[in-house]
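# Need a 3D model of the following:
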Amino acid sequence: MTDRADAVSAAAQILAARRLRGEQGPLLPDACRPGDLDMALAIQKAVTVRLGAGIAGWKCGLPAPDRLVAAPIYTDTVCLDSPCSVWARAGRVRVEPELAFVFGSDLPPRQEPYTPAEVDAAIVRTHLALELIDSRYGDAAGAGFADMLADNLVNQGLYLGPEVDAEQAREASDIVLRLDSASLSQHYEGRHPNCHPRAPLYWLVEFLRGRGQGIVAGQVVITGSYAGVIELPVAEEVSIRFGELGTLTVSFSARQ
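Take a look at the predicted model:
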C-alpha cells in the first residue's frame, strides 16, 4: 500500500469504529487526516467498505469552489417507523427538515450527461424527511470541511416520512415549518439553501456519473435543510408541519 492508501485505511478504521459505537472524539491524527477533498472522499468510500454497508441513498448540495457536498446514507440507518432509534446527546437529537426524492429506475454510469428531464423521469416518489445529524468528532474538535466530508457530512441516518405531491414539492423553495410537542412549539420561515430543491439532485447524478457510479432504483436523495439544524427531544412525539405539503410525526429512542 502507498502512504496515502495507508492513511485512508487508518482514517476509515477510526471513523467506522466511532460510528458503530456512537462515539465522538478528536480530529484524526495528522498522519491520516484528510488534507483535501479527494482524500476525504476516499476515506468516505473506505468507511463504507469497512462497515460493509449498503447505500440507501445520498445527501447532497450544490458545490462551492472549496466545498463538495455529497455523502452516502447507509441502508441500516434509514428509519421508516416511530420511534426511530438514534445516537442522542444529552437527551436530544439533531435533525434537518428536508424533502427526499426516491428513484424508481436506475441512472447507471454512461458516456453522455443526464438531462434534468431524464432525472425527473426517474423519480418515483417525494417524501417529507428528517436527516439525522451526528458527528464522529467532538463539538470542540474544530473540524474543517474536509474532516466533515470524510465523516459523511455529519450524517447518522434518515427518517423517511409520508409521501407528498411530487409536483408541489418540486417547486417548494420556501416552506413554513411548524414544530409542536409536549415541550416545544417552534415556527420557521423555511427556505431551501439552493432555492430549487431538485437542483442539487441534478448535480449529484452528474457527479456520480463522472466517478463511474450511478443511482440505483430504490435509493433516496436529500438535497438540503429548510431550517438548518434543529434539536428535538428524545422519547417525545414531535409533529412537524411542512406548510401545505403535509405533516411528519415522529418520536425518537436513544441507542445504547
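# which secondary structure element contains residue 8?
If you go by DSSP states H and E, residue 8 is part of helix 3-21.
# Quick one: residues in contact with that helix.
By Cβ atoms under 8 Å, 6 or more residues apart in numbering, the surrounding residues in contact with helix 3-21 are 1, 23-25, 28-29, 31-34, 39, 42-43, 46-47, 49-51, 136, 150-151, 156. Yep, even glycine has a C-beta here, placed from its N, CA and C like the rest.
# Now restrict those to buried residues only.
By neighbour count, with 16 or more other Cβ atoms under 10 Å, these hold 24, 28, 32-34, 39, 42-43, 46-47, 50-51, 136, 150-151, 156 as buried.
# Looking at those residues, spot the one nearest residue 112.
Closest approach to residue 112 among the buried ones among the contacts of helix 3-21 (Cβ to Cβ): residue 42, at 26.8 Å.
# How confident was the prediction at the residue lying closest to that closest one once chain neighbours are set aside?
Using Cβ to Cβ, 6 or more residues apart in numbering and skipping the chain neighbours, the partner closest in space to residue 42 is residue 8 (4.8 Å). pLDDT recorded at residue 8 is 98.
# shift numbering so it begins at 832
Right, with 832 as the first residue, what we last looked at is residue 839.
# mind listing what's buried in the helix holding residue 839?
Buried-residue list, helix 834-852, by 16+ other Cβ under 10 Å: 838-843, 845-847, 849-850.
# Tell me the spacing between residue 1030 and residue 894.
Residue 1030 is 11 Å from residue 894, where distance means Cβ to Cβ, to the nearest Å.
# out of those two, which sits in the busier spot?
Each of residue 1030 and residue 894 has its neighbours counted (other Cβ atoms under 10 Å); residue 1030 has more, 18 against 15.
# The closest residue to the more buried one other than its chain neighbours: which element?
Nearest residue to residue 1030, sequence neighbours excluded (Cβ to Cβ, 6+ apart): residue 893, at 6.1 Å. Using DSSP H and E, residue 893 falls within strand 886-895.
# Could you list every helix and strand that the helix or strand that that strand is followed by packs against?
Downstream of strand 886-895, the next assigned helix or strand under DSSP H and E is strand 898-905. Helices and strands touching strand 898-905, as assessed by 3 or more Cβ pairs under 8 Å, 6 or more residues apart in numbering; DSSP states H and E, comprise helix 868-882, strand 886-895, helix 976-981, strand 986-995, helix 1030-1041.
# Chain neighbours aside, what residue packs nearest to residue 923?
Distances taken as Cβ to Cβ, 6+ apart place residue 1062 nearest to residue 923, at 4.6 Å, with adjacent residues excluded.
# Over to residue 872?
Closest to residue 872 by Cβ to Cβ, 6+ apart is residue 980, at 6.8 Å.
# Just want the most central residue of this structure.
Centroid-nearest residue in the chain: residue 890, 3.7 Å away (criterion: Cα atoms, centre = their mean).
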